[in-house]
Structure formats: structure tokens, C-alpha cells
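Undergrad: Next come a sequence and a model predicted from it.
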Amino acid sequence: MDSNALFSAVVQLLVLWLAISLHEASHAWMAAACGDPTAREMGRATLNPLHHLDLLGSLLFPAILLVLGFGFPIFGWGRSTPVLEEKLRRPYRDGLLVLFAGSFANVVVAVIATVALGIAAGSMGDSARQAAFQALISRPGGESVSSFPVMFTLVRLVTVNAFVAAFNMIPLPPLDGGQIALRLLPADWAERLAAVRPYGFMIGVIMAMIVLPLLFIPFYGILSLVIQFS
């Protein structure tokens, strides 16, 4: 593995670990704000990756994606954040807030990184724009990775956080989106959806690898416009 490929792999893993840690910590922060300090007392309201990462979901699975070179951002998952709904002040409303908090935090970071990407592209010139396009639309590994590491890192901050948010919002339990759907759907529909729970996570991972990249095409188009016209 050459130095550029190694750099890109390390950056992507670090960005993913940040996204996962932010996601899980946000669940813990929101739960504590709504009356359940369980996760905070367990040390989960922190951005320290050691408190959140899962060996399979945060290291082995993303590493496989990096080695295979799939044309979408690497993604993964951490250890679930414990929430005791009976401790929440308003269990139905607060439970929804806790579930939304993780992906919302990832989206906020993606938006901030998009603004920073536009500013950087506008101030660093055409070569930096080209490096950003390469990081966005192709498997990195060329000289632009080492020549413009800031652009590569910003692109990955945007895409990885957005992908982690979208993955967790897939409406299949036990993913956050599935848990939200169980609360919002009519009882008979929720019962049918709940039956998918034993297989929901695996189906969600497969959907993230096959369906989400297609849904992200418009998102990549918007990022391209941000880079081009900054």
C-alpha cells in the first residue's frame, strides 16, 4: 500500500469513528436532557471513540469496504447507546427526540463541513477544486490526496457523516429509523414491521450498500456544485 492510499484509509477511518462517536454521544446527550442519565453515567456522552466503537461495525466491516474499494463512503456502526424510556419525562416525545438526535448531529456536521469545503475550494484555487472532485467521484490514491489533504478530509467529513445519518434512518428496526417508524405507524403496521427486527439490521446493511449509493447521486451533484462555484 502506497503512502497516499494509506493516508486516505486512515483519514476515512478516523472520520468514520468521529461520526459514529458523535452519533452515539448525541443519543446519550439527548437522553440525559430528557431525564434519563443512564448512558451519560456509563461514560457514553463523550466523543472518545473508545466508549462507542464496535470491533465488527467500526473496524472490520469498514476495513473490508476500504479494501474492496466500493464507490461509496465507508460506513459502520458502534455499540448501541442504552436508554431507559421509563426514566424519560415524556416517553413518547422524548423517545423520538433521542432517536433523531444521532442522525441530526451527523447532518449538522455534514452541513458545517460542506460550508468549510466551499470556503476552502474558493480560497485554494483550481488545483484544490480538482482534488476535491477526485475525492468525491473516484477512489482516492493519487497525488491530490497528499497535495490537498484538507480538501480530501473535508469531502470525507461531508460524505461519511451524511451516509452514517442515512444508514441509521433506514426504516427497519433495530436501526433508529425503524424504531421511529414503530412509534409513528398505526398499530397493525407497526406490528408487521416489528416482525422484521431479527433480520432488520442485516437488511439495512445490504440496502446501505445497494440502494443508498443511488439515492446519494443528487447529493453528490449538490456537492459538485458547491465545489465548482465556490
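TA: Done, it's in.

Undergrad: residues contacting the residue nearest the centre of the chain?
TA: In the chain, the centroid-proximal residue (C-alpha atoms, centre = their mean) is Val164; its distance is 2.0 Å. By C-beta atoms under 8 Å, 6 or more residues apart in numbering, the residues touching Val164 are Leu16, Ala19, Ile20, His23, Phe75, Gly76, Ser103, Asn106. All C-beta spots, glycine's among them, are computed from the backbone N, C-alpha and C.

Undergrad: Let me know the distance separating Leu117 from Val108.
TA: When distance is defined by C-beta to C-beta, to the nearest Å, Leu117 is 15 Å away from Val108.

Undergrad: Just want to know which of these two has more residues nearby.
TA: Neighbour tally, Leu117 and Val108, criterion other C-beta atoms under 10 Å: the higher count belongs to Leu117, 25 against 14.

Undergrad: who's in contact with the more buried one?
TA: Leu117 makes contacts with Ala132, Met151, Leu154, Val155, Val158, Leu223, Val226, Ile227, Ser230, as judged by C-beta under 8 Å, 6+ apart.

Undergrad: Now pLDDT, distance to Ile217 and neighbour count too, for those residues, in a markdown table please.
TA: As requested, the contacts of Leu117 are exported to a markdown table (pLDDT from 0 to 100; distance: C-beta to C-beta, whole Å; neighbours: other C-beta atoms under 10 Å):
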| residue | pLDDT | distance to Ile217 | neighbour count |
| --- | --- | --- | --- |
| Ala132 | 89 | 17 | 29 |
| Met151 | 91 | 21 | 26 |
| Leu154 | 95 | 20 | 25 |
| Val155 | 95 | 16 | 29 |
| Val158 | 97 | 15 | 28 |
| Leu223 | 94 | 11 | 23 |
| Val226 | 93 | 15 | 19 |
| Ile227 | 93 | 16 | 25 |
| Ser230 | 80 | 21 | 17 |
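
Undergrad: Is it possible to get a markdown table of the residues you listed that adds secondary structure?
TA: Shown next, in a markdown table, are the contacts of Leu117 (DSSP: H, G, I helix; E, B strand; the rest coil):
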| residue | secondary structure |
| --- | --- |
| Ala132 | helix |
| Met151 | helix |
| Leu154 | helix |
| Val155 | helix |
| Val158 | helix |
| Leu223 | helix |
| Val226 | helix |
| Ile227 | helix |
| Ser230 | coil |
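
Undergrad: about what we covered before: are we agreed that the residue nearest to the centre of the chain is in a helix?
TA: Yes - secondary structure assignment places Val164 in a helix (three-state DSSP).
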